[in-house]
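Quick one: sequence plus predicted model below, questions after.
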Amino acid sequence: MRRLTGLLTIATVIGATLFSMTAFATSLIPLAPIYDPTYKILTIGVGIDGNSPTGTVDFYAAGPDGPISLGRVTVSQGVALLQIPLFQSGTLAGATYNGDAANSFTHADFRIYWPSTDWLPVVLKGD
């Protein structure tokens with residue numbers, strides 16, 4: 001009987017180790033947007049802090065009737081970048097990381113600010 005108890009204890013420990021693996025806690029870190037005045041586009045992005053994250057990130061902006069999808073991009077080397085048309089600076093936006101086998105789902109809301117060039121003379125703005 002004692003031998004059986006020892007085997008059950010080992011099996012319990014092994015089982016606990018096998019089944020206690022959980023996804024790594026991840027977080028999103030909004031990156032500073034990059035404004036391209038020539039093409040009037042913004043590149044927005046997030047860094048994904050996790051265990052070598054892969055998968056996709058969905059970006060959205062706040063609209064009058066709820067979130068508006070801006071697009072879905074694939075994570076590359078822990079970063080997700082999306083080029084979008086110019087919209088009002090200060091817009092509330094967000095990103096949702098969909099998770100993978102080693103990293104949990106997470107999301108973050110943030111405001112997107114970009115530098116206005118309205119004060120520049122037309123010659124310098126490129127209009």
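Received, thanks. Numbers count the residues shown, from 1 in each chain.

immediately after the lowest-mean-pLDDT helix or strand in the chain, which helix or strand?
Least confident helix or strand of the chain, by mean pLDDT, DSSP states H and E, is helix 2-19 with a mean of 42. Remark: after helix 2-19, the chain's next helix or strand is strand 27-36, criterion DSSP states H and E.

Which residues outside the next helix or strand after that next one are in contact with it?
Later in the chain than strand 27-36, the nearest helix or strand by DSSP H and E is strand 41-49. Residues from elsewhere that reach strand 41-49 (CB atoms under 8 Å, 6 or more residues apart in numbering): 26-31, 33-36, 57, 59, 70, 75, 78-87, 93, 95, 97, 103, 108, 112, 114. C-betas here are computed from N, CA, C, even on glycine.

How much space separates residue 48 from residue 91?
22 Å (CB to CB, to the nearest Å).

who has more neighbours, these two?
Higher neighbour count among residue 48 and residue 91: residue 48, with 25 against 16, using other CB atoms under 10 Å.

what is that one paired to in the beta sheet?
Beta bridges link residue 48 to residue 28, judged by DSSP bridges.

Distance check, it against residue 81.
12 Å.

ok, now residue 41?
From residue 41 to residue 81 the distance is 12 Å (CB to CB).

more neighbours, these two?
Each of residue 41 and residue 81 has its neighbours counted (other CB under 10 Å); residue 81 has more, 17 against 13.

which residues sit in contact with the more buried one?
31, 43, 44, 45, 73.

which element is it on?
Assigned by DSSP H and E, residue 81 falls in strand 79-85.

any idea which helix or strand comes after that strand?
According to DSSP H and E, the helix or strand after strand 79-85 is strand 91-97.

Can you list the buried residues in that next one?
91, 93, 94, 95, 96, 97 (16 or more other CB atoms under 10 Å).

tell me how far that strand is from the chain's mean position?
Computed by CA atoms, centre = their mean, to the nearest Å, the chain-centroid distance of strand 91-97 equals 8 Å.

by contact count, what packs against the next helix-or-strand element following it?
Per DSSP H and E, the first helix or strand lying C-terminal to strand 91-97 is strand 106-112. Counting contacts by 3 or more CB pairs under 8 Å, 6 or more residues apart in numbering; DSSP states H and E, strand 106-112 packs against strand 27-36, strand 41-49, strand 91-97.
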